[in-house]
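Trainee: Sequence and predicted structure, then a few things I'm wondering about:
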Amino acid sequence: MQGILCGLGGRARSWIDVSNRKGIALTAFVEPSEEQVEIMLQHHEIPKDQIFKSLGEAIENSDAQFVMDVTPPHIHELVAMEAFGAGLHVISEKPLSDDLEAAKQVVRAAKDAGVVHMIAQNYRFGEMPRTTRRLVDEGVIGEPEQVIISFFMNWADSPGSHYVTQPFMLIKDMGVHHFDLMRYILNRDAVNVLAHSWNPTWGWHQGHASHTAIFEMSGGLVATHHALGCSKGHNTTYNADWHIAGPEGSITWEGSQIFVSHGHKTEKQGQRYEVEHDTLPEGGQDAIITEFFSAIEDGRQPECNCEDNLKSLAMTFAVVKSSQEKRTVEMAELLG
């Protein structure tokens, strides 16, 4: 299959690299900024006659079957709609959109067009989430009832970047990764959330760089997400540290390790052991690309399809709304 890469910013480089590894033919590129084109050409050899200023031009001058969208979030709707109109499949960087109503329109349009639209939520394709999902499914700790996720990171410290200047970026950009992991690992959807966000006095972000969000998930499970984006002490990994508690024990993520603990300290059979990560044939962007093309070939919707991903995206909007309005927000208010 031939594809169009839309957007030649920094993230495009990794998508070109993975396309080369996977033998995917990118035959047209879209970038309106001459400056950005010149920067990209310093890193990758792209024929200039394959670079276009608009997606429409690229579609007219190529035989592409899909679009790889690595444009900024506010452009995702425009790219998706134009691609769907031409009958092209789309794989897009997260988030689905920076506007919830726009995201809903994209989901409806993808369904009407009968195309595959996948959002690149790369975290869930790693060994730790896949292993932990298996452990939960196997009932190793019984039915989980409480989850605590802690993320502490010296995050987004480039002066002037949109991560620093725009509001609620920690929730919107990092939170969506962890919220999507919640849904994937626990195989549950959020019901409601109560959140509080703020900016620490030492923080360098203009928007809030810290929050606590308490989600009620389907089945009554409670998941709490703590995050600090201007940590100056001990940092977690980008996956965060996790504690999943059930009636028969707990599963914890500690750095890059997974532990299972059973029993109470007063019980002789109490034990704690490390779990080796399940070996995966590939992860991250490589696994995403494989899933995308498999879905097209099989005539099905992929994991992380736009309709499913809308639920993860809505969790970020619910956290922001709860923080602003200082009340519990029901997911049904946003998703209907």
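Mentor: Alright, I've got the coordinates. Numbers count the residues shown, from 1 in each chain.
Trainee: where along the chain do the helices fall?
Mentor: 10-22, 34-41, 55-60, 76-85, 100-113, 127-137, 162-165, 169, 176-186, 284-298, 306-325, 331-335 (DSSP state H).
Trainee: mind checking which of those is nearest Asp69?
Mentor: Nearest to Asp69 among the helices of the chain is helix 76-85 (4.7 Å), distances taken as Cβ to Cβ. Just so you know, the C-beta spots here come from the backbone N, C-alpha and C atoms, and that holds for glycine as well.
Trainee: in the closest one, what counts as buried?
Mentor: 76-77, 79-84 (16 or more other Cβ atoms under 10 Å).
Trainee: Now tabulate those residues in a markdown table and tack on distance to Gly284 and pLDDT.
Mentor: Converted to a markdown table, the buried residues of helix 76-85 look like this (distance: Cβ to Cβ, whole Å; pLDDT from 0 to 100):
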| residue | distance to Gly284 | pLDDT |
| --- | --- | --- |
| His76 | 20 | 97 |
| Glu77 | 25 | 97 |
| Val79 | 22 | 98 |
| Ala80 | 22 | 98 |
| Met81 | 28 | 98 |
| Glu82 | 27 | 98 |
| Ala83 | 23 | 98 |
| Phe84 | 26 | 98 |
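Trainee: of the residues you listed, closest to Arg133?
Mentor: His76 (27.2 Å).
Trainee: Can you tell me how far Trp253 is from Thr237?
Mentor: According to Cβ to Cβ, to the nearest Å, Trp253 and Thr237 sit 8 Å apart.
Trainee: That should have said Val147, apologies.
Mentor: In terms of Cβ to Cβ, Val147 sits 17 Å off from Thr237.
Trainee: Pro73: what's it in contact with?
Mentor: Contact analysis of Pro73 by Cβ atoms under 8 Å, 6 or more residues apart in numbering lists 95, 97-98.
Trainee: With respect to His243, which of the buried residues of helix 76-85 is nearest?
Mentor: For those, the closest approach to His243 (Cβ to Cβ) belongs to His76, at 33.8 Å.
Trainee: Go ahead and confirm that closest one touches Val106.
Mentor: Yes: if you go by Cβ atoms under 8 Å, His76 and Val106 touch, sitting 7.3 Å apart.
Trainee: so what sits against both of those two?
Mentor: 96-97.
Trainee: what sits against the most centrally placed residue in the chain?
Mentor: Of all residues in the chain, the one closest to the mean position by Cα atoms, centre = their mean is Gln121, 3.3 Å from it. The neighbours of Gln121, taking Cβ under 8 Å, 6+ apart as the test, are 94, 176-177, 180, 304, 309, 312.
Trainee: Model confidence for it, exactly?
Mentor: We have a pLDDT of 96 for Gln121.
Trainee: show me where pLDDT drops low in this protein?
Mentor: Residues of the chain meeting the criterion pLDDT under 70: 264-270.
Trainee: what does the domain assignment say about it?
Mentor: What automatic domain parsing lists as the domains of the chain is 2-115, 124-280+314-335.
Trainee: Could you give the number of residues near Thr165?
Mentor: Thr165 has 13 neighbours, counted by other Cβ atoms under 10 Å.
Trainee: repeat for Pro72
Mentor: Residues lying near Pro72 (other Cβ under 10 Å) number 12.
Trainee: what do you get for Arg300?
Mentor: Residues near Arg300, counting by other Cβ under 10 Å, number 10.
Trainee: Kindly report the same for Gly139.
Mentor: Quick note: Gly139 (other Cβ under 10 Å) scores 11 neighbours.
Trainee: Grab the nearest non-local neighbour of it.
Mentor: Glu248 (7.9 Å; Cβ to Cβ, 6 or more residues apart in numbering).
Trainee: Check Ser231 too.
Mentor: In this structure, Ser231 finds its nearest non-sequential neighbour in Phe152, 4.2 Å apart by Cβ to Cβ, 6+ apart.
Trainee: same question, Ile24
Mentor: Using Cβ to Cβ, 6+ apart and skipping residues adjacent in sequence, the residue nearest Ile24 is Gly3, 6.4 Å away.
Trainee: wait, what's in contact with the one you found?
Mentor: Gly3 makes contact with 19, 24-28, 64-68 under the criterion Cβ under 8 Å, 6+ apart.
Trainee: Arg134 too?
Mentor: Going by Cβ under 8 Å, 6+ apart, Arg134 touches Asp278.
Trainee: Could you report the separation of it from Val140?
Mentor: Distance from Arg134 to Val140, by Cβ to Cβ: 9 Å.
Trainee: same check, this time on Pro302
Mentor: Distance from Pro302 to Val140, by Cβ to Cβ: 28 Å.
Trainee: cool, Asp173 as well?
Mentor: 32 Å.
Trainee: now His117
Mentor: His117 is 34 Å from Val140, by Cβ to Cβ.
Trainee: Gln166 too?
Mentor: Gln166 sits 40 Å away from Val140, going by Cβ to Cβ.
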